[in-house]
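Visitor: below is the structure, and that's it, no one-letter string:
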């Protein structure tokens, strides 16, 4: 791992250049080191961010007609008890906010995030590790944002739903009730909640649910019942067709359903677990690239990022899926760099 870590400037620099944010390279490197530096050290321990324990992902949010930001998310401290991770995450949150000029915006949501993360040791069958995952995004036009994800995979199942309900109430409780009524019958389980902040902007929230063994058409029905638009239903059908082919007729394995609060409404998204959906990286690339091209998105950027990361991970695709925001579809792809980052 230590030898791999020393390779980071090369791959990180290549990514920064490809996304067109080279002039912000020093700031990006500081932010990356702040969030991921300690957890990438040799012998640091495992993170629950990726199935193989890697504590960082790179994110692609691709849409027609807008530039794609350089974005990463990581776990700031691994290999220690939960309460220490939680405290370190809160401090990292404040420091990263200062780096991008969003201190006031983070202060407005920090108590909310601290409350939903909870305290205390994990019980049986509970996630014993991550408290927060923290990320930063840098737009080629010059803006920056940070995202904080809080883990709620602790405590009794009903308590987890109540935690999400309390979090959602800070934004829109009526819409949350409709979401809960649609998601729970599918057997979905609460995963966590997140907020995205930027200097001068309003916080944007997101609620996350884990799913397993659900058919494509059942996802589509549930999203419609939760308030998803006909346009999102069409995009979801297209994604299942391109990403899964004939396998869309069978229950999917792991997936994440989520709803983001922005502009006065909840925006839906579904992402499939990459190592569950596809057998090899080549299969994943072929299917995802064909889907992106069909949508008119930047499949070239996607392929280039895969080529940069390919050497470090046996299963690059952590999650891939489709979301809807302001009536427009976008692709959401999270990539695991594996060793060497």
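Guide: Looks like it came in fine. Since the structure is predicted, the reported quantities are computational estimates derived from the model, not experimental observations.
Visitor: the closest residue to residue 215 other than its chain neighbours: neighbour count?
Guide: In this structure, residue 215 finds its nearest non-sequential neighbour in residue 251, 5.3 Å apart by Cβ to Cβ, 6 or more residues apart in numbering. Any C-beta I mention is one placed from the backbone N, CA and C, and that applies to glycine too. By other Cβ atoms under 10 Å, 12 other residues sit near residue 251.
Visitor: ok, residue 251 - contacts?
Guide: Residue 251 is in contact with 213, 214, 215, counting by Cβ atoms under 8 Å, 6 or more residues apart in numbering.
Visitor: for residue 334, what are phi and psi?
Guide: Note on residue 334: its backbone torsions stand at phi -110, psi 130 [degrees, to the nearest 10].
Visitor: so how far is residue 227 from it?
Guide: 25 Å (Cβ to Cβ, to the nearest Å).
Visitor: one more: residue 233?
Guide: Residue 233 sits 11 Å away from residue 227, going by Cβ to Cβ.
Visitor: now the helix or strand where residue 231 lies: buried residues?
Guide: Using DSSP states H and E, residue 231 sits in helix 230-244. Using 16 or more other Cβ atoms under 10 Å as the test for burial, helix 230-244 gives 232, 233, 235, 236, 237, 239, 240, 242, 243, 244.
Visitor: swap in stretch 250-258?
Guide: Under the neighbour-count criterion of 16+ other Cβ under 10 Å, stretch 250-258 has 252, 254, 255, 256, 257, 258 buried.
Visitor: and if you look at stretch 299-315?
Guide: For stretch 299-315, by 16+ other Cβ under 10 Å, it's 299, 301, 302, 305, 306, 308, 309, 312, 313, 315.
Visitor: for that stretch, what is the distance to the chain centroid?
Guide: 17 Å (Cα atoms, centre = their mean, to the nearest Å).
Visitor: please apply the same query to stretch 104-117.
Guide: Remark: stretch 104-117 is offset 18 Å from the chain centroid, using Cα atoms, centre = their mean.
Visitor: phi, psi for residue 304 please.
Guide: phi -60, psi -40.
Visitor: same check, this time on residue 152
Guide: Main-chain torsions, residue 152, degrees, to the nearest 10: phi -120, psi 20.
Visitor: so what touches the host helix or strand of residue 107?
Guide: Residue 107 belongs to helix 103-117 when elements are defined using DSSP H and E. By Cβ under 8 Å, 6+ apart, the surrounding residues in contact with helix 103-117 are 86, 89-90, 93-94, 97, 131-132, 146, 148, 150-152, 163-164, 166-167, 170, 192-193, 195, 197-201, 203.
Visitor: if any of those residues are buried, put those into a ChimeraX selection.
Guide: Buried residues within the contacts of helix 103-117, by 16+ other Cβ under 10 Å, are selected in ChimeraX with:
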select :86,89,90,93,97,131,132,146,148,150,151,152,163,164,167,170,192,193,195,197,198,203
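Visitor: now intersect the contacts of helix 103-117 with the helices, please.
Guide: 86, 89, 90, 93, 94, 97, 163, 164, 166, 167 (DSSP state H).
Visitor: and which of those residues is nearest residue 285?
Guide: Taking Cβ to Cβ as the measure, residue 285 lies nearest residue 89 of those, at 32.8 Å.
Visitor: between residue 334 and residue 227, who's got more neighbours?
Guide: Comparing residue 334 with residue 227 by other Cβ under 10 Å, the one with more neighbours is residue 334, at 24 against 16.
Visitor: what's the pLDDT at that one?
Guide: Note for residue 334: predicted pLDDT of 98.
Visitor: hmm, residue 58 and it touching each other?
Guide: Yes - between residue 334 and residue 58 there is a contact under Cβ atoms under 8 Å: 7.4 Å.
Visitor: picking up where we left off before, helices - which of the buried residues of stretch 299-315 land there?
Guide: Assignment to helices by DSSP H places the following of the buried residues of stretch 299-315 there: 299, 301, 302, 305, 306, 308, 309.
Visitor: I am finished for the moment; much appreciated.
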